[in-house]
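Q: Quick one, what's the 3D model for this:
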Amino acid sequence: MSVDVWEPGKPSSVSTEQIVAVVEQARQVDIEQLKLNCDEAFATDHAWMMKLEESEWHLAEPLSAEDLVGLIRFFTLAEMQLQGWEAGSKNPVIYFVRMLKSRGEFPPELRKWVRANTDNRYLPNGAAL
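A: I've put the predicted structure just below:
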């Protein structure tokens, strides 16, 4: 059994509106430059999302494959570029990859892209069992 530390003001689950906000940020990622274009306020307000459990991301399941790929790229780069966005084995990239794989929509070149742009040993597939 594990016990989490309660942090005042930290949401315990993600909302559809918050997912939409991150999708919008993901659409602004400069893939050629591997650069995130989000402001400091967004980075500070959304860092808590990096450590949510897989079950919290069920609201992202209806997203298009294109939006999920955008989220994978965004969260891969966010962990590398934004302070406080370190997630290790809880990085949502793992959950979005599972969603795409379950639909048969995971492009093989995306695996190579993720691995080339992170030092997180858990990405893109999660912990080996």
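Q: and residue 74, what does it touch?
A: Taking Cβ atoms under 8 Å, 6 or more residues apart in numbering, we find residue 74 in contact with 22, 25-26, 29, 36. C-beta coordinates here come from the backbone N, C-alpha and C atoms, glycine included.
Q: Which of the helices or strands spans it?
A: Assigned by DSSP states H and E, residue 74 belongs to helix 65-81.
Q: which parts of that helix are buried?
A: Neighbour counts over helix 65-81 (16 or more other Cβ atoms under 10 Å) mark 67-79 as buried.
Q: Which residues does the next helix or strand after it contact?
A: With elements assigned by DSSP H and E, the helix or strand that comes after helix 65-81 is helix 93-103. Defining contact as Cβ under 8 Å, 6+ apart, one finds that helix 93-103 is touched by 54, 57, 60-61, 65, 68-69, 71-72, 75-76, 106, 110, 114, 122-126.
Q: So for helix 93-103, what gets flagged as buried?
A: 93-100.
Q: Specify the angle between the next helix or strand after that helix and helix 65-81 in degrees.
A: Taking DSSP H and E as the definition, the helix or strand that follows helix 93-103 towards the C-terminus is helix 108-116. For helix 108-116 against helix 65-81, the angle by axes from the mean of the first three to the mean of the last three Cα atoms, to 10 degrees is 10 degrees.
Q: Show residues contacting helix 108-116.
A: Defining contact as Cβ under 8 Å, 6+ apart, one finds that helix 108-116 is touched by 69, 72-73, 76, 93, 97, 123-124.
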